[in-house]
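Trainee: got a predicted structure plus its sequence, pasted below:
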Amino acid sequence: MNFPRAAEGRGPGPDSDDSYSRWVRTAMKAAATAPDAAVLFDSTIREPTELLTGAVRRAFGGAVTDRYESVFAEGNRYVVAAVAARHGVSPDQVIGATGATSAVALVLKALVSPGDNVLIEQPCFDLLPSQARDAGANVTALPRRAPDYAVAAADIARLVKPNTRLVVLTQLHNPSGAVLNAKTMGELAAVSRQTGVPILIDEAYAEFVDGGVCAARLGPEFISVGSLTKVQGLFALKCGWAVAAPEVIARVQAATPQGDYGVSKLTHAVAALVLEDRAPFDAHWRAVLAEARPVVEAHVEAMAADGLIEGALPSAGCMFFPKICGVDDTRALAQWLWSEHGVLVAAGEYFGQGGHVRIGFGGGRPQALDAGLTRLHAALKAYPGAC
C-alpha cells in the first residue's frame, strides 16, 4: 500500500541530517493524510480530554480560580507548591517552566559556560545534547549499553574532566525505557560527591515507576526536571518544573531573573488544579497502560519467537527499543516500513543507536495497536535482508 507524501514531497523516512523532533513533525503530517497509518512511535499517554475539560471548567466555568495569577520570574506559586508537596521538598527547591525541556535549558544556562564539558547518556533523546551545545558546552557520551541500558558510576568517574559541569540522564531512559533503580541512584550520588559534578535527571517518564521518586529529594547531588506532558498526556498545558537544592535554584534564578518567558498564566492555572488533584489523571494513564501492555507483550513475544527482534519489553512505561535482527540501517528500514506498509516507527539512529527502532504505545487504543503491531510483524518478515 502506498501512502501520500508529506509536505514538500517528502515522506517521513529519516534523512541523515534530520533531528528526531523534525522527523516527528514530518511523520505526523504524513500520518494525517493517511487514515490507515499505523503510528507506533508515540511515547506520550493519550490525552485525557474529558478530565482536562473538567479542570478547565473548574478554573474558568464560573468565578475565575484564584490559581490564575502572575507567573513572572518563578512561575505559578500554586504549581510550585503542589510539586514541592508531591516530592516532599520545600517550595524554594522548585521553579516552574513550560516543560522538562525548558527546565533543562534553565539549568544549563545557570551551571554551564561556553567551553565547559557535559556528560550525556548515549543512546539518548537527541534534544539533550543539542541543548547542551546551544549553551556552548562540549558533549561527552556516557554509555548506556544494551541490553539493560544501565548506567555505570565508574564510567562517570572515568569520563569526568576538570571542566565537566553536569551529567545528564533520563528516567525512564529514553529511548529504551530502562529504570534507574535505587542501587544505581546510590552509586550515582556517591560518584557525584566524589567528582563534585551534579547529575540532572530528566524525569518526564519517572511517574511510571512506583510513584516517581524525585531524584532531587534524595540529595543535593541531583537536579530533577519533570512535566505533565508524557505520563499524564497533558501536553496542552505546557507545564514543567525543576527541583534542586535551594542554592542551585538560586543560581537558576540569578542566571534567568525573568524566569521562563514561555510560562502561560492561563494554562498553569489549570495545571495547578491538576497537580492538586492528580488521582483522576493517574488513574487515566494506568488504565491506558493496563489495556495496551498485554497487547504489546503478546506481539513482542511473537516477533521474538520468529527471530525478528531482540530485547525485553521494559517493566514500566510505554516505550520499547528492540534490536531488529539482521538489520543495521534502521533509517532505511523505517522508510521502507512507511512507504510499503504504512507503519511508522522511529529509527534508532535518531537516538544514536542504529539497528534498533523505538516503538511507543501510549497513544493508541488496543484495537489500533494490535492492528499496527500485526502489520509491523508481517512487514519485518518480508523485509529484504532481515533474519
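Mentor: That came in fine, so what should we check first?
Trainee: any idea how many residues pack against residue 234?
Mentor: For residue 234, the tally of surrounding residues (other CB atoms under 10 Å) stands at 25. Just so you know, the C-beta spots here come from the backbone N, C-alpha and C atoms, and that holds for glycine as well.
Trainee: give me the neighbour count for the closest residue in space to residue 275 that isn't next to it in sequence.
Mentor: Nearest non-adjacent residue to residue 275, counting by CB to CB, 6 or more residues apart in numbering: residue 82, 3.6 Å away. Neighbours of residue 82 under the rule other CB under 10 Å: 23.
Trainee: where's residue 82, which helix or strand?
Mentor: Using DSSP states H and E, residue 82 falls within helix 77-87.
Trainee: quick check: mean pLDDT across that helix?
Mentor: Averaging pLDDT along helix 77-87 yields 97.
Trainee: what's the answer for stretch 172-192, then?
Mentor: Mean pLDDT, stretch 172-192: 97.
Trainee: secondary structure element for the nearest residue to residue 156 once chain neighbours are set aside?
Mentor: The shortest distance from residue 156 to any non-neighbouring residue, by CB to CB, 6+ apart, is to residue 191 (4.9 Å). If you go by DSSP H and E, residue 191 is part of helix 182-195.
Trainee: helix or strand next in line after that helix, which one?
Mentor: Going down the chain from helix 182-195, the next helix or strand is strand 199-202, by DSSP H and E.
Trainee: any idea how far residue 268 lies from residue 106?
Mentor: Counting by CB to CB, to the nearest Å, the gap from residue 268 to residue 106 is 15 Å.
Trainee: for these two, work out which one has more neighbours and name it.
Mentor: Neighbour count, other CB under 10 Å: between residue 268 and residue 106, residue 268 has more, with 27 against 24.
Trainee: was I right about that one contacting residue 79?
Mentor: Yes: using CB atoms under 8 Å, residue 268 is in contact with residue 79, at 5.4 Å.
Trainee: any common contacting residues for these two?
Mentor: Overlap of the contact sets of residue 268 and residue 79 (by CB atoms under 8 Å, 6 or more residues apart in numbering) consists of 96, 239.
Trainee: so what's residue 157 scoring on pLDDT?
Mentor: 98.
Trainee: hmm, I typed the wrong one, I wanted residue 387.
Mentor: pLDDT recorded at residue 387 is 63.
Trainee: now swap in residue 212 and tell me
Mentor: Value for residue 212, per-residue pLDDT: 75.
Trainee: residue contacts, it?
Mentor: 203, 206, 226, 231.
Trainee: recalculate using a threshold of 6 Å.
Mentor: residue 206 (CB atoms under 6 Å, 6 or more residues apart in numbering).
Trainee: assumed it was part of a strand.
Mentor: No: in this structure, residue 212 is coil, not part of a strand, as judged by DSSP: H, G, I helix; E, B strand; the rest coil.
Trainee: how much space between it and residue 226?
Mentor: To residue 226, residue 212 is 8 Å away according to CB to CB.
Trainee: go through stretch 247-256 and flag the buried ones.
Mentor: Neighbour counts over stretch 247-256 (16 or more other CB atoms under 10 Å) mark 248-249, 251-253, 256 as buried.
Trainee: that stretch - what's its average pLDDT?
Mentor: Average pLDDT, stretch 247-256: 97.
Trainee: just the C-alphas of it, formatted as CSV.
Mentor: The C-alpha trace of stretch 247-256 is given here as CSV (Å, rounded to 0.1, in the frame of the first residue of the first chain):
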residue,chain,number,x,y,z
GLU,A,247,21.4,27.0,46.2
VAL,A,248,21.0,25.5,42.7
ILE,A,249,17.5,27.0,42.3
ALA,A,250,19.0,30.4,43.4
ARG,A,251,21.7,30.1,40.7
VAL,A,252,19.0,29.3,38.1
GLN,A,253,17.0,32.4,39.3
ALA,A,254,20.1,34.6,39.2
ALA,A,255,21.0,33.4,35.6
THR,A,256,17.5,34.0,34.4
